[in-house]
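Structure of the sequence below:
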Amino acid sequence: MNSKTSMTMRVMLVQKQNKNKKTESDKKGAQKAQSPLDQFSILPLIPIQIVDLYFSFTNPSLFMLLTLSFVLLFFSFVTKNGGGKSVPNAWQSLVELLYDFVPNLVNEQIGGLSGNVKQKFFPCISVTFTFSLFRNLQGMIPYSFTVTSHFLITLGLSFSLFIGITIVGFAKNGLHFLSFSLPAGVPLPLAPFLVLLELIPHCFRALSLGIRLFANMMAGHSLVKILSGFAWTMLCMNDLFYFIGDLGPLFIVLALTGLELGVAILQAYVFTILICIYLNDAINLH
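Below you'll find the model as predicted:
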């Protein structure tokens with residue numbers, strides 16, 4: 001009888017321990033699921049592997065494809081349905097505003113060239129601004145993925161543009177393009193140090209350009225996620241005191257959402273204007 005009782009107690013103890021472990025694991029899983037960084041997780045949607053190389057179709061790939069499709073369809077629809085109207089509607093006015101913005105920016109920021117030559121840069125800068133803007137705005141949609149919140153994506157974009165700007169500088173000025181790293185009248189012993197000091201900040205332009213966009217988008221979305229989770233937790237307390245106290249965080253979340261919307265537009269503008277400034281420096285050796 002004693003052995004049966006002790007055996008039953010052991011079984012109950014083991015079950016209790018397993019239940020406690022399961023509860024702890026559930027709590028950890030819930031905490032992990034509520035992390036504000038979960039929204040930036042890269043998930044392979046279509047795994048593709050060739051030997052030891054992975055070419056998976058991920059959620060950033062999906063949302064970049066969706067953004068590209070939306071922009072093409074949006075511009076095609078607006079120009080097809082409103083292009084022939086003498087009085088433009090709101091959507092046509094928006095497209096014309098975006099279209100006129102980039103040439104004005106190019107003319108203001110890039111000097112030393114004729115208007116026709118400047119317009120050669122219009123397609124690249126226009127595409128850069130348009131897709132940066134729509135990718136940032138697409139990240140504001142709930143349950144979507146913010147593509148520009150990943151450093152490798154913004155770094156790839158900034159480095160590719162930086163390489164193109166360097167090629168333009170060499171094509172325009174030849175080897176004289178390197179003269180920006182050595183000001184006139186510098187003593188010969190100091191020349192190697194000054195060249196190094198000038199080249200390092202010049203190369204770090206591409207890095208800082210990618211970091212600026214990535215850091216602003218990631219920080220803003222993380223802050224909105226944290227405060228939204230806090231406001232939702234207080235709202236679910238089923239207590240009048242917590243419900244009234246939730247109004248403050250709720251208004252803060254709404255204000256931050258509006259601020260983040262402005263940041264999304266501003267960062268696309270800053271990214272584009274810096275590209276124009278770097279292009280002007282490469283052409284005019286400033």
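
Quick check, pLDDT for residue 27.
Confidence at residue 27, expressed as pLDDT, is 46.

whoops, I mixed them up, residue 185
Looking at residue 185, its pLDDT reads 71.

With residue 85 instead?
For residue 85, the model assigns a pLDDT of 63.

what's the answer for residue 243, then?
pLDDT, residue 243: 62.

cool, and residue 116?
Note for residue 116: predicted pLDDT of 67.

Just the CA atoms of stretch 43-58, as CSV, please.
C-alpha atoms of stretch 43-58 as CSV (Å, rounded to 0.1, in the frame of the first residue of the first chain):
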residue,chain,number,x,y,z
LEU,A,43,11.2,34.2,-43.2
PRO,A,44,11.8,31.9,-46.2
LEU,A,45,8.5,31.5,-48.1
ILE,A,46,9.9,29.4,-50.9
PRO,A,47,13.2,27.6,-49.9
ILE,A,48,15.6,27.3,-52.8
GLN,A,49,18.9,25.6,-52.3
ILE,A,50,21.5,24.8,-55.0
VAL,A,51,24.3,22.7,-53.4
ASP,A,52,25.4,25.0,-50.5
LEU,A,53,23.9,28.2,-51.8
TYR,A,54,20.5,29.4,-50.7
PHE,A,55,18.3,31.5,-53.0
SER,A,56,15.1,31.4,-50.9
PHE,A,57,12.2,33.7,-51.8
THR,A,58,11.6,35.5,-48.5
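
Just give me how far that stretch sits from the chain centre.
Stretch 43-58 sits 22 Å away from the centroid of its parent chain (CA atoms, centre = their mean, to the nearest Å).

Give the buried residues for that stretch.
Neighbour-count burial for stretch 43-58 flags residue 58 (criterion: 16 or more other CB atoms under 10 Å). To be clear about C-beta, it is placed using only N, CA and C from the backbone, and glycine gets the same treatment.

What ranges does the protein have for its helices?
In the chain, the helices defined using DSSP state H lie at 2-33, 59-82, 90-109, 115-118, 122-138, 151-173, 191-235, 240-245, 247-284.

Reformat these as CSV; add distance to residue 50 and mean neighbour count.
As requested, these are exported to CSV (distance: least, CB to CB, whole Å; neighbours: other CB atoms under 10 Å):
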stretch, distance to residue 50, mean neighbour count
helix 2-33, 32, 10
helix 59-82, 16, 14
helix 90-109, 39, 15
helix 115-118, 43, 12
helix 122-138, 28, 19
helix 151-173, 20, 17
helix 191-235, 28, 16
helix 240-245, 54, 11
helix 247-284, 34, 17
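
rank the ones you listed by pLDDT, which is bottom?
Here the helices of the chain differ in mean pLDDT, and the lowest is helix 2-33 at a mean of 49.

pLDDT at residue 40, what is it?
Note on residue 40: pLDDT of 79.

Make CSV out of the helices of the chain and add distance to residue 145.
What follows is these, written out as CSV (distance: least, CB to CB, whole Å):
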stretch, distance to residue 145
helix 2-33, 17
helix 59-82, 5
helix 90-109, 23
helix 115-118, 35
helix 122-138, 8
helix 151-173, 11
helix 191-235, 10
helix 240-245, 32
helix 247-284, 14
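
Nearest to residue 42 among those helices would be which one?
Among the helices of the chain, the nearest to residue 42 by CB to CB is helix 59-82 (6.2 Å).

residues making contact with the closest one?
With contact meaning CB atoms under 8 Å, 6 or more residues apart in numbering, helix 59-82 is reached by 42-43, 45, 88-89, 91-92, 94-95, 130-131, 134-135, 138, 144-145, 147, 150, 153.
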